[in-house]
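Provided below for reference: sequence and predicted model.
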Amino acid sequence: QVFGCMQKQGLQVTILSTCPVADYKTQESTLTLPSPFLKALKTKEFKEQVCCPLLEQPNIVRDLPAAVLSYCQVWQIPAVLYQCYTDVIKLDTVTIEAFKPLLSSKILKSLVKDVSESTKILKKLLTTNETHNNIYI
């Protein structure tokens, strides 16, 4: 429905997602992998360089990120998915910091004012969010 309201001409999509490192399929033990880490998956039309290694087979992407990327592939929209594999259940600053290399990418560069302030802003946002989550404990 979101794409139905958007002009597809000149559109480029960037998807950010996280999932458990246990979902990552590899020959080596996942205990030795530096967590969190990023992998990318892109449509055929996405011509820019990705900011991390591509996701290897037999790994899969699921749910909403997979649906958005599939839609973009079918409709020939340039898109890239950055999947962050993490060993924490709740989103934290360390996991979000894994996405930091993307701030220097061509498409996101114009959205960022000052990269040096990003860590401080993230910590403030997460601290505020944690306060609201304590209501349900």
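On my side now, so go ahead.

a helix runs through Ser17, doesn't it?
No. Judged by DSSP: H, G, I helix; E, B strand; the rest coil, Ser17 forms no part of a helix; its state is strand.

quick one: pLDDT of it?
Each residue has a pLDDT score; the one for Ser17 is 92.

same check, this time on the one 10 residues further on
Reading off the confidence values, Gln27 has pLDDT 85.

name the element it belongs to?
Taking DSSP states H and E as the definition, Gln27 sits outside all helices and strands.

Show the model's pLDDT score for Asp114.
With respect to pLDDT, Asp114 has a value of 66.

which residues in the protein form strands?
Using DSSP state E, the strands of the chain run over residues 13-20, 37-42, 79-86.

I'd like to know which helix or strand in the protein has the lowest mean pLDDT.
helix 118-133 (a mean of 60; mean pLDDT, DSSP states H and E).

Name the nearest residue to the residue positioned nearest the centre of the chain, ignoring sequence neighbours.
The centre of the chain sits closest to Leu16, judged by CA atoms, centre = their mean, with a distance of 2.3 Å. What sits nearest to Leu16 in space, not counting adjacent residues and going by CB to CB, 6 or more residues apart in numbering, is Tyr82, at 5.4 Å. The C-beta positions use only the backbone N, C-alpha and C, and glycine is treated the same way.
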